[in-house]
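Q: got a predicted structure plus its sequence, pasted below:
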Amino acid sequence: MYGAALVLAIALTAFSASAQAPAAIAGVWQVTEVTAAGTTRQSQPGVYIFTRKHYSMVWVSADKPRPMLDDATATADELRAAYLPFMAQSGTYTSTADTITATPVAAKHPINMDPRAFGIYKFKLEGDTLTLTLAETPFGQVKNQPTLKLKRVE
């Protein structure tokens, strides 16, 4: 009897942690810092939005502002410089006490719309700061894991 109660208590604790994570991260978050390949820098504009089950994110992954272009006369290199560092996707997510598994539904890059696409992020919430570190994708464990720091704005 004692063993069954212990198993139930552990299961409820795990469920409770899983249920609390979406509520804790629900809101609007501004990307403030990016660390990739050992380099930390302030981010260009970016926003993540989390609801109970869904997320949406748009942000500029470049280390400087994107160039302003006349799309009618821009060269292919100029277009790449302006549009490649723009990240955008929305979808659903599940979470545990310290991970978020994001499953895109719509994304700028078609590879992220493959039904097998996902991203597993380690996350840490400290006050109004949310840290997301990409740990795994369908291609396996991520080396030189990129980390985003976000500040709650709503």
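A: Okay, I see it. What you see is a predicted model, and the numbers here were worked out from it, not measured in a lab.
Q: hey, let's count contacts and neighbours off CA atoms from now on
A: Noted.
Q: wait, what's in contact with P138?
A: R116, A117, F118, G119 (CA atoms under 8 Å, 6 or more residues apart in numbering).
Q: wait, I meant L130
A: Contacts of L130 (CA under 8 Å, 6+ apart): I25, W29, F123, K124, K149, L150, K151, R152.
Q: so the nearest residue to the last one once chain neighbours are set aside is in which element?
A: Going back to what we said before, that points to R152. Leaving aside its sequence neighbours, R152 sits nearest to W29 (CA to CA, 6 or more residues apart in numbering; 4.4 Å). For W29, the host element (DSSP states H and E) is strand 27-36.
Q: and the helix or strand just after that strand, what other elements does it pack with?
A: For strand 27-36, the following helix or strand on the C-terminal side (DSSP H and E) is strand 39-42. Here strand 39-42 touches strand 27-36, going by 3 or more CA pairs under 8 Å, 6 or more residues apart in numbering; DSSP states H and E.
Q: now the strand it packs on: how far from the chain's centre is it?
A: What separates the centre of strand 27-36 from the centre of its chain is 9 Å, taken as CA atoms, centre = their mean, to the nearest Å.
Q: now swap in stretch 71-87 and tell me
A: 24 Å.
Q: what sits closest to the spatially most central residue of the chain if chain neighbours are left out?
A: Residue closest to the mean C-alpha point of the chain, counted by CA atoms, centre = their mean, is L132 at 6.1 Å. Among residues not flanking L132 along the chain, F123 sits closest, at 4.7 Å (CA to CA, 6+ apart).
Q: surely that neighbour meets T133?
A: Yes: shown here, F123 and T133 form a contact pair, counting by CA atoms under 8 Å, at 6.4 Å.
Q: just to revisit the earlier point, so which of the contacts of L130 belong to helices?
A: Counting by DSSP state H, the contacts of L130 place I25 in helices.
Q: now the contacts of L130 in CSV, with pLDDT?
A: As requested, these are arranged in CSV below (pLDDT from 0 to 100):
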residue, pLDDT
I25, 94
W29, 97
F123, 96
K124, 96
K149, 95
L150, 96
K151, 97
R152, 97
